[in-house]
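>>> Would you be able to build a 3D model of this:
(one chain, ligands or ions: 2)
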Amino acid sequence: MDIQTIGIVGAGQMGNGIAHVMALAGYDVLLNDVSADALAKAMKTVTGNMDRQVSKEKISAEARDAAMARITTTQTLSDLGQSDLVIEAATERETVKQAIFEDLIPHLKPETILTSNTSSISITRLASRTDRPEKFMGFHFMNPVPVMQLVELIRGIATDRETYDACKAVVDRLGKTAASAEDFPAFIVNRILMPMINEAVYTLYEGVGNVESIDSSMKLGANHPMGPLELADFIGLDTCLAIMNVLHDGLADTKYRPCPLLTKYVEAGWLGRKTQRGFYDYRGEKPVPTR
Ligand SMILES: CC(=O)CC(=O)SCCNC(=O)CCNC(=O)[C@H](O)C(C)(C)COP(=O)(O)OP(=O)(O)OC[C@H]1O[C@@H](n2cnc3c(N)ncnc32)[C@H](O)[C@@H]1OP(=O)(O)O
Ligand SMILES: NC(=O)C1=CN([C@@H]2O[C@H](COP(=O)(O)OP(=O)(O)OC[C@H]3O[C@@H](n4cnc5c(N)ncnc54)[C@H](OP(=O)(O)O)[C@@H]3O)[C@@H](O)[C@H]2O)C=CC1
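Ligands and ions are numbered 1, 2, ... in the order given. You can find the predicted model right below:
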């Protein structure tokens, strides 16, 4: 299948990154969000990130201008009807994703491939609620999208070969590396990464260390580029909690129990960088630990 136009639903940190790399690779991008603010912020972020790539001579000013011209934003979901491939990258909540697919499907071409950037939710279950489970799969980018090399590709029970091959060809054109994961809760990366982050929150909760000592231990002691709490703030604490809940419910094992302190931060609306406060407070000149 020839893919030229890519629809992206959700213009948060993942949606803007996906729009960025798709446009630079020459795809036409239709970027949708319910919020006009989110769309404006996304375009500002993409512009800033591409400008930085120009100033570092990673891309030319012409390539940036051409890529920016390929991105169209819209608050109207039906405008994505002409997409050859749709990547849903809205909030990590199953009901939100299901409602998006329900509203979008009547406007899609029969051959359009439908995918989700979900971090954890069952692809088979999401697909089963659509009219095209064989043309549905998981297309899971890592954050920050312009920098991270991996894309996890997850087939649901019904996904056909043609759909997988078409998505794999898109990953190849982006110059990224695809890893196939089976459709089990949180797939590969988050099955391993998120329990580590949750354990870091337990380590904080139990007073074994504070935010600073936990993060510097993992940075200096295990050579991680970011400490686990800094990374949790970067991902979004709501997303981290949602993934832990999917692991806990889906695998029915207490080892995946979300730390009550993680729940408390989310209940406070302290979701990390995106709300300016999480395990660190980002409102000042430099991040200050909140515990
Ligand atoms: C939750 C899920 O479902 C799955 C996930 O995504 S899990 C999260 C996976 N991601 C990670 O684990 C990220 C861990 N952190 C890192 O790898 C690094 O800290 C980092 C790449 C984010 C930043 O690297 P750094 O060396 O500390 O900083 P810095 O030198 O400023 O940045 C490195 C490059 O990334 C770019 N960059 C950094 N943040 C960026 C962003 N948000 N968007 C775009 N580009 C960014 C920089 O411009 C720089 O580019 P050049 O190499 O071209 O100069
Ligand atoms: N954060 C990460 O590190 C990673 C996240 N993911 C996954 O990507 C997806 C998006 O995550 P992320 O970008 O971090 O989340 P964000 O919270 O940054 O962005 C989500 C965006 O979706 C919007 N949205 C909510 N409902 C709808 C809707 N019905 N239609 C259109 N847009 C909607 C939100 O708008 P509003 O704010 O107005 O509600 C928001 O702008 C999630 O499934 C997440 O699990 C995957 C890999 C890494």
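
>>> And the strands in the stretch 1-150 of the chain, which stretches?
Assigned by DSSP state E, counting those that start in this stretch, the strands in the stretch 1-150 of the chain fall at 5-9, 28-32, 71-74, 85-88, 113-116, 136-141, 150-155.

>>> Quick one: name the residues of this protein near ligand 2.
9-15, 32-35, 38, 89-92, 96, 100, 117-119, 140-143, 235-236, 239, 274 (C-beta under 6 Å from any ligand atom). Placement of C-beta: from N, CA and C, glycine included.

>>> residues in contact with the residue of the stretch 151-291 of the chain found nearest ligand 2?
Ranking the residues of the stretch 151-291 of the chain by distance to ligand 2 (C-beta to the nearest ligand atom) places Ile235 first, at 3.7 Å. Shown in contact with Ile235 (C-beta atoms under 8 Å, 6 or more residues apart in numbering): Asn143, Ile197, Gly272.

>>> nearest to ligand 1, of those residues?
Asn143 (3.7 Å).

>>> secondary structure element for Leu241?
Remark: Leu241 resides in helix 237-251, with elements defined by DSSP states H and E.

>>> neighbouring contacts of that helix?
Looking at what lies outside helix 237-251 - C-beta under 8 Å, 6+ apart - the contacts are 91-93, 119-122, 184-186, 190-191, 194-195, 197-198, 232, 254, 256-258, 262-263, 265-266, 270-272, 278-279.

>>> how far does stretch 78-93 stretch from start to finish?
End-to-end distance of stretch 78-93 (C-alpha to C-alpha, to the nearest Å): 21 Å.

>>> Oh, that last question was meant for stretch 141-148, not what I typed.
First residue to last in stretch 141-148 (C-alpha to C-alpha) measures 8 Å.

>>> again with stretch 105-125
16 Å.

>>> ok, and for it, which residues are buried?
For stretch 105-125, burial by neighbour count (16 or more other C-beta atoms under 10 Å) applies to 107-108, 112-124.

>>> beta partners of the closest residue to Phe139 other than its chain neighbours?
Spatial nearest neighbour of Phe139, excluding adjacent residues (C-beta to C-beta, 6 or more residues apart in numbering): Thr115 at 3.8 Å. Thr115 has the following beta-bridge partners by DSSP bridges: Ile87, Met137.

>>> Go ahead and confirm Thr115 touches Lys135.
No: counting by C-beta atoms under 8 Å, Lys135 is not a contact partner of Thr115; they are 9.2 Å apart.

>>> and Thr74, how many neighbours does it have?
When neighbours are defined as other C-beta atoms under 10 Å, Thr74 has 15 of them.

>>> Quick check: bridge partners of it?
Bridge pairing for Thr74 - DSSP bridges - gives Asn32.

>>> what's the spacing between it and Ser122?
Between Thr74 and Ser122 the computed distance is 29 Å (C-beta to C-beta, to the nearest Å).

>>> ditto for Val86
18 Å.

>>> repeat for Lys274
Taken as C-beta to C-beta, the span from Lys274 to Ser122 is 25 Å.

>>> Check Ala99 too.
The spacing between Ala99 and Ser122, counted by C-beta to C-beta, is 17 Å.

>>> same question, Ile105
Following C-beta to C-beta, the distance that separates Ile105 from Ser122 is 18 Å.

>>> One more: Arg173?
From Arg173 over to Ser122 (counting by C-beta to C-beta), the distance is 28 Å.

>>> Okay, helices next: where are they in the stretch 151-291 of the chain?
With DSSP state H, counting those that start in this stretch as the criterion, the stretch 151-291 of the chain has helices at 161-174, 189-205, 211-222, 228-235, 237-251, 260-267.

>>> can you tell me which helix in the chain is longest?
In the chain, ranked by residue count with DSSP state H as the criterion, the top helix is helix 36-55.
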